[in-house]
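*Asks:* Sequence first, then the predicted structure:
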Protein chains: 2
Amino acid sequence: MKAEWIWYPGEFEIRTLNRVQARRFFREIPQPPIWQSFGVSPSVKFSKIFTLEKEEVLDIRASGLYSLELDRPGNFVRDENGRLELSPGLHTLTVHVFCDGGKFPAVRVCGESLASGKDWDCTLLDGEYVPADCGGFSEAERDPNDYALPVVRRDPVRAERKDGHILYDLGEECFAFCVFEGGRGKLRLCYGESEEEAEDPEACEQLDVLDLSRGERRTAVAKAFRYLAVTQEEEGELGFHAECEVRPQPFCARFSSSEERDTRIFETALRTFALNTREFFLDGIKRDRWVWSGDATQSYLINKYSFFDLETERRTIVALAGKGEIRRHFNTITDYTLFWLISFYDYYRYTGDLEFLGRWQRRFTQVLDFCLSRTDENGLLISPRGEWVFIDWNDALTKDSECYAFLQILLYGALKAAKRVYALLKDERAAACEARAEALKEQIFRLFWCEEKGGFTHSLLEGKSDGRIFRQINVMAVLTGLAGEHEKEQILHRVLLNETVPPITTSYMRFYEFAALCELGQKALVAEEMRSYFCGMLSLGATTFWEQYDPTRHGAEHYAMYGRKYGKSLCHAWGATQIYILGRYLVGLRPEEDGYDRFRLEPALEVLGDFSAKFPLKEGGWIEIDRKGQTLRVLATRDGSVLLGDTITEIQAGRETVLALDQKKGGKK
Amino acid sequence: MKAEWIWYPGEFEIRTLNRVQARRFFREIPQPPIWQSFGVSPSVKFSKIFTLEKEEVLDIRASGLYSLELDRPGNFVRDENGRLELSPGLHTLTVHVFCDGGKFPAVRVCGESLASGKDWDCTLLDGEYVPADCGGFSEAERDPNDYALPVVRRDPVRAERKDGHILYDLGEECFAFCVFEGGRGKLRLCYGESEEEAEDPEACEQLDVLDLSRGERRTAVAKAFRYLAVTQEEEGELGFHAECEVRPQPFCARFSSSEERDTRIFETALRTFALNTREFFLDGIKRDRWVWSGDATQSYLINKYSFFDLETERRTIVALAGKGEIRRHFNTITDYTLFWLISFYDYYRYTGDLEFLGRWQRRFTQVLDFCLSRTDENGLLISPRGEWVFIDWNDALTKDSECYAFLQILLYGALKAAKRVYALLKDERAAACEARAEALKEQIFRLFWCEEKGGFTHSLLEGKSDGRIFRQINVMAVLTGLAGEHEKEQILHRVLLNETVPPITTSYMRFYEFAALCELGQKALVAEEMRSYFCGMLSLGATTFWEQYDPTRHGAEHYAMYGRKYGKSLCHAWGATQIYILGRYLVGLRPEEDGYDRFRLEPALEVLGDFSAKFPLKEGGWIEIDRKGQTLRVLATRDGSVLLGDTITEIQAGRETVLALDQKKGGKK
């Protein structure tokens, strides 16, 4: 039998998150996360009832001390070095694992016909058994507590001995350990995403010191860099290579186009996203290395058009949810808890994975209830404890206000998501969420909609709208479905296409703006904006997309952020969102219905050149789409349909379909 | 400055409890606790605002990764190997400690004028700062995560080479590591509290194997034993000594009497209690090694007349309280949660430590609310989830019933305790607790009091009293103050002095019976019963008191319990309760008022012989009491009073007072 290491749901994610987030440094100073971290439970009982046809020997591995109870409570039996012989017949086996030393209890039991897996139950000894969790750990020797990404060797493409240091260039951004041969004494390593940063020992964001004389030949923590400047205490021959941590992906989307800018954007975005897809979806690999819910929400969307890596997606969702009493918003940011609620349902939209929803239903409710506990008598989300409202990197947006439209709109989206989650799970809360969403919608229209300005205004001052119009708020009103046809029309023309409304400068909110514009039929505009904005970075030599890009800056100015010379992340997950824009809106692939049993393809042919693409579908599936001149070829592992103009063409799984485009208009109907 | 290691309140206790409770074994099989264990939080920020008169160098130690923020958020500074130089003036220092590997975050900061201690604040990054906790860890090198008791060498008093093994006798029960010199190959160790157990390799409760050829010369876990049988794989000279883990006690009570049995009972009880007073108050050291709330409640009382070891007492109270959502009763036993609530106030009675009450007020409320969440519409405590109701080791008591009088009486006691706790803390909940206690009292009288039988009956069957009378229930009605004068009189004569009511066989409930009898004026009877029962064990060679003693058994039969030949604990904390009976009731020392600012002494002179005693008082104080013939000499570090007959004599601190007894009757008025 194929046995899996199993554990109490959430414990793997909590521990791995702690290990990952503890690896952030600013220069040599550790930077533990600024929000609460949770400990793992040291004691878990795993249990299974089963029948053996014949005598069997079990192989038992555990992450800590364990005891075995067989058939009846108190009947403790002893294994011999992890081997336990069982007679034929009906058995109950309970493995009680207790870990000191920070590990979470995990166990792997493997026999000829019996194997630990999802069908085992487990308990924290809190009076309740739940199904055990597992995934990705089947090898006997691979305790999931020690989870680490595999490494791949990479040699520098350039090594240059300069005045006082050697500069290595890996050719593109990597996430790597540094390994040295030869040399002696101490090495001082200055990392850089840019060459300027690596050669600026006073200001570079990441530093390390290795003492070769003490046998330190490999850095302890992998870091994100392209350039490395090494200063030797004692001159001498020095060999260097990188060991890059890479999460293997069984599937990887591809996209190439006669519109060569689209190809380069897709490929650079894919590299950016691959580097940020690690134990979790990280936001940025050089500086942050933390898991932020708002950023992850975008990564989940990108993921559906790149790797379809649901393991990392579920792990990120679960880790963000934390455990125990919820006392603060996720990442301390109000909007980020709301994004989590929305993304929880979104996971289902693309997977149909009802089991996951059910497993985390209780936590979902706790998170929702926490958010609702922060609402006032009108159901509006207030920030009574001075919690962080992020919205976007834009100070004008978050001057203290008692009530932000942005949060109310997200809460509306969260309530709608909750209604759908509960309806799927046949939970009676669905109706209350729907009613609450509708009541909130009325409030939002009453308080924030401004017919005169054709948009939702930003916040309340002394109970009245401040009359200010920002793109971010209106974009979210479109994407959550709050805005009706009338409001969408107004928002498009009087906010989004209105140059007097302050532009969005972050890729983070730019993404939502692009998505909203696509929803509003502006795919051609989005394609042009995307090409101009992202190719701007490429023309500056970017090998990955940045946290922020301002075309008006020059040279090393581009690297500054947060008041620091190299504070900006040059490989930021939200820089990869064009994968979603390309896949979801320009190529036009999406679930025909929530659950993604069938796909719908609606390519924006008027915007795209000739192209060839392969995107993932659920359950290991994929779809190939080739457009060449006036033909569109589609081959997919699942059934689906193509919408061109007003015409729907059915696609059968495994059967190549070629559509002639000459008579079709294509694009948005 | 004297700096202390500081930590987030409760984390030291939780971690230490995990370490201690993971050391229970049945033979070679680990036995993790059968109730929930809690993990520690890996991330804590410690913070302090202070002013330096002059430049100062701080010495900083932490139990994990840490970062230092100085004066303003985001201003990270670097120490040099734990040394941080600070300029004169006003500073804010924040130390953010992050631990992987199961440690809890702890830090020690020591400068000339600045030192970490109780006046530092800390936060789990959950939006709330609380005062840091500390105590007992001031040495820089002594991370409280590594807390271990000191060891004392002890050589066997006897070593006898027998057929196939060597038998060592330490002369009395110890809690020790085994250390060997010489010899070779494997050693098989069989431990015994009795000689029979050590020499019975098939049935002894504790085993170890050491492989001398692999350098294993010291056992990994200290165990409780007096006898050790060692079987050598290869014959050869073998040296053995024990390293006894002993918690040092700055104060130890003494009591000796011309009634020599009392002296021996006190001394044996003291040895029993000392062995069970370790990182926590344990219940029994051979088998259990866990912390049980019901047992600990008795230890707290014993402690006030022996070591006055408040550090261990507070640690035990806090550890039992656990953390997070309460989903089951403490130790899974309903009565044990109620005892915890009662003992929480009891701690105050003997210490006046309001700060401790305030610090744990929130948890106290959570525990109380949890208990109240288990009550029905009449305020009666029900056991809806089939939770364990212990009462006593007596199956007749705990046949399934919907409602036990014993639990209602304890709940009454807990509500009264809560009322007092809240009144002290000026918490408005006090009134509600009082009202609820009085309403519950009415219910208990209505449902359980039986005038005909002169006692509280045991339980309800189909809503009606079952009419059964047990001592345990009535004893608790006396001790919680539920019974009034009329009921007390009835209970004394028609239950406690009634030989047709089934006797109590455990020392656990016997203790409460003795206490109730003393409260009811039966000190002479208690003294005789105590002498007969406990000297019975002594006459069988006991060096410590047992979990249970049945004078009708013979020889090795005494060692059996739980269906196992040596299942009984021969060194059980509740066997030491006679210290409390002697100190509190026979010598008659108690707080004059709750808080113990002054003592009251009311010796039962008619029961005691000539005696000399020294007992602890709070804040490191003590009282010496000597009775010789017709004089009673009292010397104490605090003010107090002596009550003899109807006469109260004031005692001044530090001034020896000699009372002539010839005119006095002494004893209970």
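*Replies:* Here it is on my side, so go on.
*Asks:* C-alpha only now, for contacts and for neighbours.
*Replies:* OK.
*Asks:* Would you mind extracting the C-alpha trace of the strand or helix carrying A:V478 into CSV?
*Replies:* In the assignment (DSSP states H and E), A:V478 maps to helix A:471-479. Output of helix A:471-479 as CSV, limited to C-alpha atoms (Å, rounded to 0.1, in the frame of the first residue of the first chain):
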residue,chain,number,x,y,z
ARG,A,471,-10.1,54.0,-8.9
GLN,A,472,-9.4,51.3,-6.3
ILE,A,473,-12.8,51.6,-4.7
ASN,A,474,-14.7,51.5,-8.0
VAL,A,475,-12.6,48.7,-9.5
MET,A,476,-13.6,46.5,-6.5
ALA,A,477,-17.3,47.5,-6.9
VAL,A,478,-17.1,46.1,-10.4
LEU,A,479,-15.2,42.9,-9.5
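*Asks:* And it, how far out from the chain middle?
*Replies:* The chain centroid and the centroid of helix A:471-479 are separated by 21 Å under C-alpha atoms, centre = their mean, to the nearest Å.
*Asks:* Quick one: name whatever helix or strand follows that helix.
*Replies:* Next along the chain from helix A:471-479, counting by DSSP H and E, comes helix A:485-491.
*Asks:* downstream neighbour of that next one in the secondary structure list?
*Replies:* Following helix A:485-491 toward the C-terminus (DSSP H and E): helix A:507-519.
*Asks:* moving C-terminal of that following helix, what's the next helix or strand?
*Replies:* helix A:523-539.
*Asks:* Could you look up the SS state of the residue in the stretch 51-200 of chain A that chain B sits nearest to?
*Replies:* Closest contact between the stretch 51-200 of chain A and chain B, by C-alpha to the nearest C-alpha, is at A:G102 (3.3 Å). Three-state assignment for A:G102 (DSSP: H, G, I helix; E, B strand; the rest coil): coil.
*Asks:* which outside residues touch stretch A:313-322?
*Replies:* With contacts defined as C-alpha atoms under 8 Å, 6 or more residues apart in numbering or on different chains, stretch A:313-322 is touched by A:10, A:13-14, A:17, A:37-38, A:280-281, A:291-293, A:296, A:300, A:330, A:340, A:344, A:363, A:367.
*Asks:* same deal with stretch A:374-393?
*Replies:* Here stretch A:374-393 has contacts from A:329, A:332-335, A:371-372, A:397-398, A:402-403, A:406-408, A:411, A:436, A:440, A:443, A:472, A:506, A:508-509, using C-alpha under 8 Å, 6+ apart.
*Asks:* got it, and stretch A:423-441?
*Replies:* A:354, A:357-358, A:378-380, A:408, A:412-413, A:415-416, A:418-422, A:482.
*Asks:* Now the helix holding A:V478: buried residues?
*Replies:* A:R471, A:Q472, A:I473, A:N474, A:V475, A:M476, A:A477, A:V478, A:L479 (16 or more other C-alpha atoms under 10 Å in any protein chain shown).
*Asks:* These: which two are farthest apart?
*Replies:* A:R471 and A:L479 (12.2 Å; C-alpha to C-alpha).
*Asks:* And the residue of the stretch 551-669 of chain A closest to chain B?
*Replies:* Closest point on the stretch 551-669 of chain A to chain B, by C-alpha to the nearest C-alpha, is A:Y562, at 10.9 Å.
*Asks:* dump the residue contacts of that residue.
*Replies:* Residues counted as contacts of A:Y562 (C-alpha under 8 Å, 6+ apart) are A:K568.
*Asks:* again, but for the one 10 residues further on
*Replies:* Taking C-alpha under 8 Å, 6+ apart as the contact definition, A:H572 lies against A:T272, A:F273, A:N276, A:D283, A:G284, A:I285, A:T544, A:F545, A:W546, A:E547.
*Asks:* tell me the mean pLDDT over stretch A:190-198?
*Replies:* Here stretch A:190-198 scores 97 as its mean pLDDT.
*Asks:* first vs last residue of it, how far apart are they?
*Replies:* Its start and end residues considered, stretch A:190-198 measures 5 Å (C-alpha to C-alpha, to the nearest Å).
*Asks:* mind checking how far it is from the chain centre?
*Replies:* Mean-position distance between stretch A:190-198 and its chain equals 26 Å (C-alpha atoms, centre = their mean).
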